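Student: generate a structure from the sequence data that follows.
(2 chains, ligands or ions: 1)
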Amino acid sequence: MIEAPARAYQYGFLDEYAKKEIRRQTLKAVAIPGYQVPYASREMPLARGFGTGGLQITLSLLGPGDTFKVIDQGADDSVNAVNLRKFIVEACPDVSLTTRAEDATIIQTRHRVPEVGMSPGQILVLQVPYPDPLVVVEPNEAKRKQMHGEGDYARLLVKLYEDLVNFGEITISHRYPTRIHGHYVIDPSPIPRHDVPRLHMADALFLFGAGREKRIYAVPPFTRAEPLAFEDVPFRVEHFFDDTGARRPCARCGSRESFLDEFLDSYGRKQFGCSDSDYCARRQESRR
Amino acid sequence: MTSSVVFEPRHQQQAYRRLLQAMSRPGSVQTLPGTSAWLCVLATLCDATVSLADIHERLGAADWPFLQARRANPAQADFVLADGALEPPAGLAPRLGILASPETGATVVLICPSVGDKGLLLELSGPGIESTARLRLAVAQQWLARREQWNAAFPLGVDFIIADESRLVGLPRTTKVKVIED
Ligand SMILES: [Zn+2]
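Tutor: A predicted model of the protein is given here:
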């Protein structure tokens, strides 16, 4: 019987060549804000469903002295987030873990930017399922690359305008095309519109990883990030108004600023609560 | 071998984070642990899949096998290493990339006598800078003029990493540079 040789322990799981390639491409992504840099995505042993693009970026970054937080749809304690934390403990044993956004040096996230916003110097790694916003108007990749290079988004704007006419608002819900540094339009990943303005002129670095599509892109600190909009229909975030037109509060912590998810309470009634579980838990604690 | 520590993965992880800071926040001076920051930059980014042009022959014969990079002429190389205190050679034309793949624009690594406290006084603006930033850099001014030509048509262009023995700064292609005192 032939046994596969045991895999030698490798800090950060990825071999050094894989890390180097991701590092080179990430630096290019930062130098060309919003451009989707191709890279050779590796097979990852874990976090299926969570996606592997963000994880590979994270592993290329982490080292001693880092404090790491994982968010999955706003929660630190989902199965995906817990599995990812366990994996990081094995792969990078000298990295500290936290749930407090402001204590983290690096945050890996799916579908949310922390409610408290980003602190100076932090890196937010976003998991991206579909990196290219032009896919909805152009199936040919070579043509899309040319359109991106020329900053030609006329057809995308037409598509958005058609949505506007048909549905009354721009409805690419949770994937709102956003123009970076006045040139490239990115898919900011499925974050709510509530989070999109947080990319604009932030004092933090945003890195986006798409594992299946093998792309890395970035929004550097202090960089313009402008959601596509039309003069007569400006960009706006989700409103969360009740029938009387008042802003709904979180049923748990009372916040009227946070992004809300629907949930059923123990009586089966529909309620609204913060999607960011750490933000909400700490507000509840401080109210006690 | 100038400094073998630069080839250790732990060292390179720390160096990469400083490089990422430098590229994300142009003009911010990053200090690298150990010596020979410019060699550390190359060691962190090079392997057998990339090509390197050493136009002023600053690398020793012993450095090449560790860097693993293939030698290339400056018009074709992924990385161009040069002495920033010397004028750029006439006709130097690093790769600018193409519209569909602007990331193939070269990375120019300039070795400088001093980063952050001597030489030209520059005012920088662009992504990564809140309004403007100031930076002192001991480079031949001609490099900045050539850089401006190479970066005239975004997204095409070249990205600069400028390093002395212990410090480095990044000037990605998006950074506008104005010389305010020479
Ligand atoms: Zn709440």
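Student: strands of chain B, start to end?
Tutor: Ranges of strands in chain B, per DSSP state E, are B:30-31, B:51-54, B:70-71, B:79-83, B:96-98, B:101-105, B:107-111, B:115-125, B:133-137, B:159-163, B:167-171, B:176-181.
Student: got it, and the stretch 101-250 of chain A?
Tutor: Taking DSSP state E, counting those that start in this stretch as the test, the strands found in the stretch 101-250 of chain A are A:106-110, A:123-127, A:178-180, A:184-186, A:205-210, A:215-219, A:225-227.
Student: so which of these comes closest to chain B?
Tutor: Proximity to chain B, assessed across these by CB to the nearest CB, is greatest for strand A:205-210 (4.8 Å). From N, CA and C alone the C-beta is placed, and that goes for glycine too.
Student: same for the closest one, what does it pack against?
Tutor: Secondary-structure packing of strand A:205-210 (3 or more CB pairs under 8 Å, 6 or more residues apart in numbering or on different chains; DSSP states H and E): helix A:16-31, helix A:53-61, strand A:123-127, strand A:215-219.
Student: tabulate the ones you listed in TSV, adding columns for mean pLDDT and distance to residue A:89.
Tutor: Shown next, in TSV, are these (pLDDT from 0 to 100; distance: least, CB to CB, whole Å):
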stretch	mean pLDDT	distance to residue A:89
helix A:16-31	97	19
helix A:53-61	96	13
strand A:123-127	96	17
strand A:215-219	97	25
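Student: give me every residue that touches residue 29.
Tutor: I'll assume chain A. The contact partners of residue A:29, by CB atoms under 8 Å, 6 or more residues apart in numbering or on different chains, come to A:35, A:36, A:37, A:207, A:216, A:217, A:218, B:103.
Student: oops, wrong one, chain B.
Tutor: Per CB under 8 Å, 6+ apart, neighbours of residue B:29: B:115, B:116, B:135, B:167, B:168, B:169.
Student: my understanding was that residue A:44 contacts residue A:52; is that so?
Tutor: Yes: the pair residue A:44 / residue A:52 is scored as a contact, 4.0 Å apart, by CB atoms under 8 Å.
Student: excluding covalently adjacent residues, which one is nearest to the closest residue to the ion within chain B?
Tutor: The nearest approach of chain B to the ion comes at residue B:130, 31.5 Å away (CB to the ion). Nearest non-adjacent residue to residue B:130, counting by CB to CB, 6 or more residues apart in numbering or on different chains: residue A:222, 4.8 Å away.
Student: so who does residue A:45 touch?
Tutor: residue A:13.
Student: host element of it?
Tutor: Following DSSP states H and E, there is no helix or strand that holds residue A:45.
Student: okay, now residue A:139: neighbour count?
Tutor: 9 (other CB atoms under 10 Å in any protein chain shown).
Student: of residue A:44 and residue A:52, which one has the most company?
Tutor: When residue A:44 and residue A:52 are compared for neighbours, residue A:52 comes out ahead with 21 against 18, by other CB under 10 Å.
Student: so the more buried one is in contact with residue A:41, correct?
Tutor: Yes: with contact defined as CB under 8 Å, residue A:52 and residue A:41 form a contacting pair (6.8 Å).
Student: pretty sure residue A:68 contacts residue A:106?
Tutor: Yes: applying CB under 8 Å as the test, residue A:68 and residue A:106 come out as touching, 5.4 Å apart.
Student: so what sits against both of these two?
Tutor: Common contact partners of residue A:68 and residue A:106 (CB under 8 Å, 6+ apart): A:58, A:62.
Student: returning to what we had before: can you say which of the strands of the stretch 101-250 of chain A is packed in most?
Tutor: Most buried of those, by mean neighbour count (mean count of other CB atoms under 10 Å in any protein chain shown): strand A:215-219, with a mean of 29.
Student: roughly how far is that one from the heart of the chain?
Tutor: 11 Å (CA atoms, centre = their mean, to the nearest Å).
Student: ok, now stretch A:30-48?
Tutor: 13 Å.
Student: do stretch B:108-128 as well
Tutor: Here stretch B:108-128 shows a centroid-to-chain-centroid distance of 10 Å under the convention CA atoms, centre = their mean.
Student: buried ones in it?
Tutor: For stretch B:108-128, a neighbour-count test (16 or more other CB atoms under 10 Å in any protein chain shown) marks B:108-112, B:115-116, B:119-120, B:122-128 as buried.
Student: wait, does the helix ranked longest in chain B make contact with chain A?
Tutor: When every helix of chain B is counted residue by residue (DSSP state H), the longest turns out to be helix B:9-24. Yes: looking at helix B:9-24 against chain A by CB under 8 Å from any CB of the partner chain, the contacts come from B:9, B:10, B:12, B:13, B:14, B:16, B:17, B:19, B:20, B:21, B:23, B:24.
Student: weed out the non-buried ones from the residues you listed.
Tutor: Buried by 16+ other CB under 10 Å: B:9, B:12, B:13, B:14, B:16, B:17, B:19, B:20, B:21, B:23, B:24, out of the residues of helix B:9-24 next to chain A.
Student: for the fifth one, what are its contacts?
Tutor: Okay, so that is residue B:16. The contact partners of residue B:16, taken as CB under 8 Å, 6+ apart, are A:23, A:60, A:61, B:44.
Student: 6 Å - rerun?
Tutor: By CB atoms under 6 Å, 6 or more residues apart in numbering or on different chains, the contact set of residue B:16 is A:23, B:44.
Student: tell me how far it lies from residue A:113.
Tutor: Counting by CB to CB, to the nearest Å, the gap from residue B:16 to residue A:113 is 24 Å.
Student: the last one now?
Tutor: When distance is defined by CB to CB, residue B:24 is 17 Å away from residue A:113.
Student: helix/strand/coil for residue A:284?
Tutor: With DSSP: H, G, I helix; E, B strand; the rest coil as the basis, the three-state label of residue A:284 is helix.
Student: where does chain A dip in pLDDT?
Tutor: Chain A contains residues with pLDDT under 70 at A:1-7, A:46-50, A:168-174.
Student: would you mind measuring from the spatially closest residue to residue B:48 that is not a sequence neighbour to residue B:75?
Tutor: Nearest non-adjacent residue to residue B:48, counting by CB to CB, 6+ apart: residue B:68, 4.4 Å away. In this structure, residue B:68 and residue B:75 are 21 Å apart, going by CB to CB.
Student: on that earlier part again, which neighbours do residue A:52 and residue A:41 share?
Tutor: Shared contacts of residue A:52 and residue A:41 (CB under 6 Å, 6+ apart): residue A:211.
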